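>>> This is a predicted model, with the sequence first.
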Amino acid sequence: MRKDVITDAAIALVAEQGMRGLTHRAVDRRAGLPEGSTSAYFRTRKALVEGFVARLAEQERLDVAPDPADVAGSIARTLDGWLVERNRTLARYAAMLEATHHPELRSILEHSPRAQATALATMLGHADPERAGAHFTAFLEGLLFYRLVGAGSALGPAPGTPESVADLRIAVEKALRP
């Protein structure tokens, strides 16, 4: 589908160049499409940003499915996958930062996995699942950021390795304790 090609190209551009690199022409070039293709689907830059954020959210929803038999392990594998697919994660963080300066883009923040974290907290028997879900989401965001661009990117195990998943699992297990 052409819209997916466009939004995937936008994700790659933002990951490589930041939000300033996101233009309709740059997306057309990156996607190998004729000039004007991106603007035919996304008339404004805001629409283009919302389009690639919706694509990110769709991809993340498909990734997040904790296994009740191995909650910590399945979350650790998901996080490790997001570290391996670093372009998606970098683009997501760039869009979140952009939203702090442009209130009209706040919808970017709505695709947080908080609802899933709240459901998980309910399943685990937390007394206040809403609060526990919010705290767990914040923890996961921080852990992912640390391993992607913080000191953990230089000090932690390489993404995509069993050591990386094991390291993430230890952190997730600690955070899941009521």
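Looks like it came in fine. Numbers count the residues shown, from 1 in each chain.
>>> what's the burial count for Gly32?
9 (other CB atoms under 10 Å). In this view, the C-beta of every residue, glycine as well, is placed from N, C-alpha and C.
>>> What distance do you get for it to Ala47?
Gly32 sits at a distance of 21 Å from Ala47 (criterion: CB to CB, to the nearest Å).
>>> List the contacts of the residue nearest to Gly152 when sequence neighbours are not counted.
Leaving aside its chain neighbours, Gly152 sits nearest to Tyr146 (4.2 Å; criterion: CB to CB, 6 or more residues apart in numbering). The contact partners of Tyr146, by CB atoms under 8 Å, 6 or more residues apart in numbering, come to 152-153, 156.
>>> Just the buried ones from the residues you listed?
Burial by neighbour count, judged by 16 or more other CB atoms under 10 Å, picks out 152, 156 from those.
>>> got any ranges where the protein has weak pLDDT?
For the chain, the stretches with pLDDT under 70 are 104-105, 107-112, 178.
>>> Leaving out sequence neighbours, find the closest residue to the residue nearest to the spatial centre of it.
Residue closest to the average C-alpha location in the chain (CA atoms, centre = their mean): Thr89, at 4.5 Å. Leaving out its chain neighbours, the residue that sits closest to Thr89 by CB to CB, 6+ apart is Trp82, at 4.9 Å.
>>> do Val14 as well
In space, Val14 is closest to Ala91, 4.2 Å off (CB to CB, 6+ apart).
>>> With Glu35 instead?
Nearest to Glu35 is Asp28, by CB to CB, 6+ apart, at 5.2 Å.
>>> List the residues that contact that neighbour.
Neighbouring residues of Asp28 by CB under 8 Å, 6+ apart: 34-38.
>>> wait, the residue nearest to the centre of the chain sits on Arg147?
No - using CB atoms under 8 Å, Thr89 is not in contact with Arg147; the gap is 9.6 Å.
>>> Give me the common contacts of those two.
Leu83.
>>> in the helix or strand encompassing Phe139, what's buried?
Using DSSP states H and E, Phe139 sits in helix 129-148. The neighbour-count check on helix 129-148 (16+ other CB under 10 Å) flags 129, 132-134, 136-137, 139-141, 143-144, 147-148 as buried.
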